[in-house]
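Asker: 3D model of this:
(2 chains)
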Amino acid sequence: MDQDIYSCNEDSYECPQGINLDDRKELLQKIVDGQATKDEEKHFYQSMESCDRCQCRNLCEQHLEIKSMLKEKLNPKPVPKGLIDEIKSKISGTI
Amino acid sequence: MSSKSDQYTTPERVKNIQIFDEELLPHATAIYNFAFRLVLDEDEAKDLVQETYFKAFKFIKSFQEGTNAKAWLYRILKNNFINDYRKRSKEPSKIDYQDVESIYNSDEVEETFTGSIAVYPFKETIGDEVSNALNALPIEFRIVIILCDLEEFTYEEMAKILDIPIGTVRSRLHRARNLLRKKLLSYAQTKGFKSEK
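Answerer: Residues are numbered from 1 along each chain as shown, chains lettered A, B, ... in the order given. Below is the predicted model:
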């Protein structure tokens, strides 16, 4: 089981919304990736509001920032010259 | 694309080459970048891309036209990398997994950012630092970040590419992002950012 840095992500911690540790982590990622349902989002934000130890908001913001930095700051490399022609030539000739 | 000799110009082969050209080759840039992020070397990435495309052509009958060609290619490349390529090639540079785990599992009290300043430490992060932090992740964590954050695959697609359950995709992402976050925070601290304790 992962140990997390935040008090509300400790295994022994009882979430007011009754969400267990693994589910909290998975739900957090769904929120970050925009893949949560409306019900899940509601559940997540209610959990944050009702929990005085909850650090999920900060973690969520940081994960969102990292996600956006990756997209913004890692520029794709161009395919090396000749690679596609080399592949096409081998495909059409020998394979 | 035209074939070089009559022996290769069966209607089936022509059709396969057409599928290959129209559905698979357009993903070459994404495939090359995925390969590069895995092996961290341009020549090795090139080899991995070639092997991936050759394998894709060899098994093109198992590809259903109109389905997700990009995810199919990523899966082939990932399998190539894990099963074949990594064994006979030098390991990509990475930090020791045990070191990562010990940092990740430490009980050290962490930064207590609040509200909108939670992301402040990352504001001055430059591209090289992001790239180095990503490249330093153990491969299984690096892969989920690339697939999710750079290539924007859904969890379902990632689960298929990686042959793991969706729940594992999400929990692995959680660990990967926390590792990346720690690494980026440590860069921020070296540049003078001080966290509140």
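Asker: hmm, stretch B:47-61 in reach of chain A?
Answerer: Yes. Using C-beta under 8 Å from any C-beta of the partner chain, stretch B:47-61 reaches chain A at B:49, B:50, B:53, B:54, B:57, B:58. For every residue, glycine as well, the C-beta is placed using N, CA and C.
Asker: Over to stretch B:142-159?
Answerer: Yes. Using C-beta under 8 Å from any C-beta, stretch B:142-159 reaches chain A at B:145, B:148, B:149, B:150, B:154, B:155.
Asker: which among those gets closest to residue B:64?
Answerer: When those are compared for distance to residue B:64 (C-beta to C-beta), residue B:154 comes out closest, at 18.3 Å.
Asker: burial count for the spatially closest residue to that closest one that is not a sequence neighbour?
Answerer: Spatial nearest neighbour of residue B:154, chain neighbours left out: residue A:35 (6.6 Å); criterion: C-beta to C-beta, 6 or more residues apart in numbering or on different chains. Residue A:35 sits with 15 neighbouring residues when counted by other C-beta atoms under 10 Å in any protein chain shown.
Asker: buried set for the helix ranked longest in chain A?
Answerer: As assigned by DSSP state H, the longest helix anywhere in chain A is helix A:56-73. When burial is assessed from 16 or more other C-beta atoms under 10 Å in any protein chain shown, helix A:56-73 yields the following buried residues: A:56-67, A:69-70.
Asker: Following element in sequence after that helix, please.
Answerer: Scanning forward in sequence from helix A:56-73, with DSSP states H and E defining helices and strands, the next element found is helix A:83-93.
Asker: Output the contacting helices and strands for that next one.
Answerer: Packing contacts for helix A:83-93, counted by 3 or more C-beta pairs under 8 Å, 6 or more residues apart in numbering or on different chains; DSSP states H and E, involve helix B:28-39, helix B:42-58.
Asker: For residue B:15, which of those is the nearest?
Answerer: Comparing those against residue B:15 with C-beta to C-beta, the closest turns out to be helix B:42-58 (12.3 Å).
Asker: what does that closest one contact?
Answerer: Counting by C-beta atoms under 8 Å, 6 or more residues apart in numbering or on different chains, the neighbours of helix B:42-58 from elsewhere in the structure are A:77, A:79-80, A:83, A:86-87, A:90-91, A:95, B:16, B:20, B:24-25, B:28, B:31-32, B:35-36, B:38-39, B:63, B:72-73, B:76-77, B:80-81, B:84-85, B:89.
Asker: One more pass at 7 Å, please.
Answerer: The contact list for helix B:42-58 (C-beta atoms under 7 Å, 6 or more residues apart in numbering or on different chains) reads A:80, A:83, A:87, A:90-91, A:95, B:20, B:24, B:31-32, B:35-36, B:39, B:73, B:76-77, B:80-81, B:85, B:89.
Asker: Show me the domain layout of chain B.
Answerer: Under automatic domain parsing, the residue ranges defining each domain of chain B are B:6-88, B:97-190.
Asker: where among these is the average confidence lowest?
Answerer: If you rank the domains of chain B by mean pLDDT, domain B:97-190 sits at the bottom with a mean of 77.
Asker: My guess is the residue nearest to residue B:154 contacts residue B:155. True?
Answerer: Yes. Checked against C-beta atoms under 7 Å, the pair residue A:35 and residue B:155 is within contact range at 6.0 Å.
Asker: about what we covered before: among the domains of chain B, which is nearest residue A:22?
Answerer: Nearest to residue A:22 among those is domain B:97-190 (6.5 Å), distances taken as C-beta to C-beta.
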